[in-house]
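**Q** coords please:
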Amino acid sequence: MFAPERVWWKPIHRIEKSWVVIALIWSLFLTVMMPLWFIVGKQNVPVETYSVTTEQYRQTVEAFTAEYQVDTLAGVPVVEAPPGDVYMTAQRFSFSPILRLEKGEEYRLHISSLDVLHGFSLQPVNLNFEIVPGYDYVITLTPTSSGEFAIVCNEYCGLGHHVMVGKMLVTE
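**A** As a prediction, this is how the structure comes out:
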């Protein structure tokens, strides 16, 4: 049986050269665009992060909920707080409380996980990030449209992950 002829020393074909050049140019373009898009794209979540114990955070959210609760929806407290700091927890398999915000007002949304890694995806706005236990994430947001927005956990957190959906209500 004969081994195939080794042709590594022969020059590559013109078409192969053109594809190598195209791939090189494309990879250089993407390498330049990543930091440029980070700076200019304004699509990065403006997150402040603070170290916190889960018990401290739980107490903060419970006090916030007790002060501003206006209703319940399917057993979950609905909170209507003035513009400023609002608090939410992610815990298997729910987000709590439901926040009722005013359109056009600026809020600092604090969120933390009380148990395992969770995801936060505000739909249809498409605001996404991870929530790690032991950290208080702060996102500054100003609702620009009214309606009901879904908060979906986009990190697998256990067998009930598929039902982990919260709400954010924005009023005029």
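
**Q** In three-state terms, label Met34 for me.
**A** helix (DSSP: H, G, I helix; E, B strand; the rest coil).

**Q** which stretches of this structure form strands?
**A** Here the chain has its strands, by DSSP state E, at 47-51, 69-73, 76-79, 84-91, 94-96, 98-102, 107-113, 118-123, 127-131, 135-141, 147-152, 165-171.

**Q** quick one: average pLDDT of the second one?
**A** When the per-residue pLDDT values of strand 69-73 are averaged, the result is 88.

**Q** angle of it against strand 165-171?
**A** Per axes from the mean of the first three to the mean of the last three Cα atoms, to 10 degrees, the angle that strand 69-73 makes with strand 165-171 is 130 degrees.

**Q** From the contact counts, what lies against strand 69-73?
**A** The helices and strands touching strand 69-73, judged by 3 or more Cβ pairs under 8 Å, 6 or more residues apart in numbering; DSSP states H and E, are strand 76-79. All C-beta spots, glycine's among them, are computed from the backbone N, C-alpha and C.

**Q** Buried residues, the strand it packs on. List them.
**A** For strand 76-79, burial by neighbour count (16 or more other Cβ atoms under 10 Å) applies to 77-79.

**Q** residues near Pro124, how many?
**A** 9 (other Cβ atoms under 10 Å).

**Q** how about it, what does it touch?
**A** Phe149 (Cβ atoms under 8 Å, 6 or more residues apart in numbering).

**Q** Quick check, pLDDT for Ser94.
**A** The model reports Ser94 with a pLDDT of 89.

**Q** okay but it is in contact with Lys167, surely?
**A** No - using Cβ atoms under 8 Å, Ser94 is not in contact with Lys167; the gap is 10.5 Å.

**Q** Can you pull the residues that touch both of the two?
**A** Val76.

**Q** Could you list the domains of this protein?
**A** The record's domain parsing of the chain by automatic domain parsing lists 13-44, 47-171.

**Q** so of the ones you listed, which one's packed in deepest?
**A** Stretch with highest mean neighbour count among those: domain 47-171 (a mean of 16; mean count of other Cβ atoms under 10 Å).

**Q** got any ranges where this protein has weak pLDDT?
**A** 1-8, 42-47 (pLDDT under 70).

**Q** how near is Glu80 to His118?
**A** Glu80 sits 24 Å away from His118, going by Cβ to Cβ, to the nearest Å.
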